[in-house]
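A.B. asks: Got a predicted structure plus its sequence, pasted below:
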Amino acid sequence: MHDGKAEMTTQRLEDRWDAIVLGAGAGGLFTAARLAAVGRRVLVLEAGERAGGRAGVSELDGFLVNDGAVLVELAGILEQSFAELGHPLRLYLPKRALTLRAGKRDVSLSTGLAAVAVRGGLWLARTGLRLFPGLKPAEQLTTSEWLARLTRSARVHGLVRNMCGALFAAGPELVSARFFLDYFTKPGALKSFGFAPGGTGAIWAPLVEVIEEAGGRVLLGATATSVQRDHAGGGFRITSDHAGGGRVDRAPQFVNDAGPAALLSLAGSLLPLEYVQRLRTADSPSALITVHFASREPLAQFPALALFAGSRRLAYAGNFSAPDLARAPEGWHLYSGASVPQPAVGDFDEEAETALLLEDLREQFPGFDRARILRIDVTRGTWPGARSLPGRTVEPESPVPGLWNVGDGASLWATAGISACAQNAQVVADRILAAPHGATSKKASA
């Protein structure tokens, strides 16, 4: 992996690749690694200073805090992808990964009778919807509208709101009821979760290794400035700023992992008008507020992740104090709590919404006022909780030959989180590999 501080030059460097990926988030890295695993030479341009995007990790005075994604979903495409790339996931698997806090009571959703009841209920719902598809809610109904027809229970509404926040970074008023049902009734939903020792960002190093072993590069601190047609060699010509100088890179395939807004900004002149309108509709970034805090005394009994049914804003909280996670200095307990502001998309009162989250944390974590707040993250705008709302994302394949979308701005139906990025990366990589292989230079000039 190459960062922007490794080399300083004002020379414009040029090179040709089999594919260029914009963004070293989960979708971009999975796509690049899948291509590299079969010998393709891939360049990944990442404007930030670390790989992983919003599934990364930061070090704060000896604490390792997540920059976004908290847990890793197992027994599906994510685990399969790492195994296929020759780097099986090695995660910390708590006995009770998921807890529901209803009032003052903690109920395990991973073990015991409650877990059996949840899995049984999901199986019944899945079977019923398959046998009687007419039971599905109308396409235009939001989750909150659909739920209002079923129950007036404030606790149920609160739980569903926080489930939407935890899994989709959105409120139920913005999530299609059909999407919500299809997500939770698919096989494997809420089945198995793990946590990465050292933080979620630690899982990406093996993918970078796969990319660079095949002659590719992951350039950190590289800001793309334009995406144009390469009229001389076919494919795409991408200009970027890196290490104090400029770059020109060419490839027959261009993969966008930076979301709809970035694609419009960089490649708008290449796109058909109808597709421009489609991208504008998909560009619906949602926001998330996260408080990272630590304490010398234990503040929570749940061992991993908790959902909340009766909070004002607190959607979920994580407990990262287990020694196996290697996230906190000895003698410290590490936590985070997150909320989706209202409204989740568009402008909101940041100060008021943060205050509501802090109130919830004081109620749910006795002793919170004695804790040390490490950082408060407000992810919004160009660095959102999610690039697009569930069900409003763009398709992986664009109308421009050789131009693709991955990441949470291109999630497939009824998928979310890192698993969604792994899934659309698999789709894009398979389609690229099925196409004729564009000729590329095997010699790196940069």
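C.D. replies: Alright, I've got the coordinates. Since the model is a prediction, treat every value here as computed from it, not as a measurement. Residues are numbered from 1 along each chain as shown.
A.B. asks: Could you pull out the strands in the stretch 301-446 of the chain for me?
C.D. replies: 305-308, 314-319, 333-339, 372-379, 403-405 (DSSP state E, counting those that start in this stretch).
A.B. asks: From the opening residue of stretch 393-407 to its closing one, how far?
C.D. replies: 10 Å (Cα to Cα, to the nearest Å).
A.B. asks: Now do it: distance to the chain's middle.
C.D. replies: Centroid displacement of stretch 393-407 relative to its chain, using Cα atoms, centre = their mean, to the nearest Å, is 18 Å.
A.B. asks: Same question for stretch 99-112.
C.D. replies: Once both centres are worked out by Cα atoms, centre = their mean, stretch 99-112 turns out to sit 25 Å from its chain's centre.
A.B. asks: now swap in stretch 302-316 and tell me
C.D. replies: Distance of stretch 302-316 from its chain centroid, counting by Cα atoms, centre = their mean, is 19 Å.
A.B. asks: May I have the helix or strand hosting residue 33 as CSV, with CA atoms only?
C.D. replies: Per DSSP states H and E, residue 33 falls inside helix 26-36. Provided in CSV are the C-alpha atoms of helix 26-36 (Å, rounded to 0.1, in the frame of the first residue of the first chain):
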residue,chain,number,x,y,z
ALA,A,26,-15.2,-2.5,1.0
GLY,A,27,-16.7,-2.7,-2.5
GLY,A,28,-13.6,-1.3,-4.2
LEU,A,29,-11.2,-3.6,-2.4
PHE,A,30,-13.3,-6.7,-2.9
THR,A,31,-13.6,-6.0,-6.6
ALA,A,32,-9.9,-5.2,-7.1
ALA,A,33,-8.9,-8.3,-5.1
ARG,A,34,-11.1,-10.6,-7.1
LEU,A,35,-9.7,-9.3,-10.3
ALA,A,36,-6.1,-9.5,-9.0
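A.B. asks: Buried ones in it, by neighbour count?
C.D. replies: By neighbour count on 16 or more other Cβ atoms under 10 Å, the buried set for helix 26-36 is 26, 27, 28, 29, 30, 31, 32, 33, 34, 35, 36. (Each C-beta comes from the backbone N, C-alpha and C, glycine too.)
A.B. asks: Name all residues that make contact with the fifth one.
C.D. replies: Meaning residue 30. 81, 207, 406, 421, 422, 425, 426, 429 (Cβ atoms under 8 Å, 6 or more residues apart in numbering).
A.B. asks: Now restrict the residues you listed to buried residues only.
C.D. replies: Neighbour-count burial (16+ other Cβ under 10 Å) applied to the contacts of residue 30 gives 81, 207, 406, 421, 422, 425, 426, 429.
A.B. asks: Throw those residues into CSV and include pLDDT, thanks.
C.D. replies: As requested, these are exported to CSV (pLDDT from 0 to 100):
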residue, pLDDT
81, 96
207, 97
406, 98
421, 95
422, 95
425, 98
426, 98
429, 98
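A.B. asks: what's the closest of the residues you listed to residue 73?
C.D. replies: Of all those, the one with the least separation from residue 73 (Cβ to Cβ) is residue 422, at 9.3 Å.
A.B. asks: Double-check that closest one against residue 78; I have them as touching.
C.D. replies: Yes - Residue 422 lies in contact with residue 78 (Cβ atoms under 8 Å); the separation is 4.7 Å.
A.B. asks: Show me where this structure has its helices.
C.D. replies: Under the criterion DSSP state H, helices of the chain are mapped to 26-36, 77-84, 112-131, 143-150, 154-168, 177-184, 205-213, 260-267, 273-282, 350-364, 417-434.
A.B. asks: Check which helices and strands the fifth one is in contact with.
C.D. replies: Packing partners of helix 154-168 (3 or more Cβ pairs under 8 Å, 6 or more residues apart in numbering; DSSP states H and E): strand 98-102, helix 143-150, helix 177-184, strand 305-308, strand 314-319, strand 333-339.
A.B. asks: and the closest residue to residue 14 other than its chain neighbours, what are its bridge partners?
C.D. replies: Counting by Cβ to Cβ, 6 or more residues apart in numbering, residue 14 lies nearest to residue 248, which is 4.6 Å off, once chain neighbours are set aside. Beta-bridge pairing for residue 248 (DSSP bridges): residue 14, residue 239.
A.B. asks: pLDDT at residue 248, what is it?
C.D. replies: pLDDT recorded at residue 248 is 96.
A.B. asks: cool, residue 102 as well?
C.D. replies: For residue 102, pLDDT reads 85.
A.B. asks: Correct me if wrong: it contacts residue 155.
C.D. replies: Yes - with contact defined as Cβ under 8 Å, residue 102 counts as touching residue 155 (6.5 Å).
A.B. asks: joint contacts of the two?
C.D. replies: 309, 310.
A.B. asks: how near is residue 72 to residue 192?
C.D. replies: 10 Å (Cβ to Cβ, to the nearest Å).
A.B. asks: what sits against residue 354?
C.D. replies: Contacts of residue 354 (Cβ under 8 Å, 6+ apart): 289, 291, 376, 378.
A.B. asks: Most neighbours among those, which one is it?
C.D. replies: Comparing those by number of neighbours (other Cβ atoms under 10 Å), residue 289 comes first, having 25 neighbours.
A.B. asks: Beta-bridge partners for that one, please?
C.D. replies: Here residue 289 sits in beta bridges with residue 339, residue 378, going by DSSP bridges.
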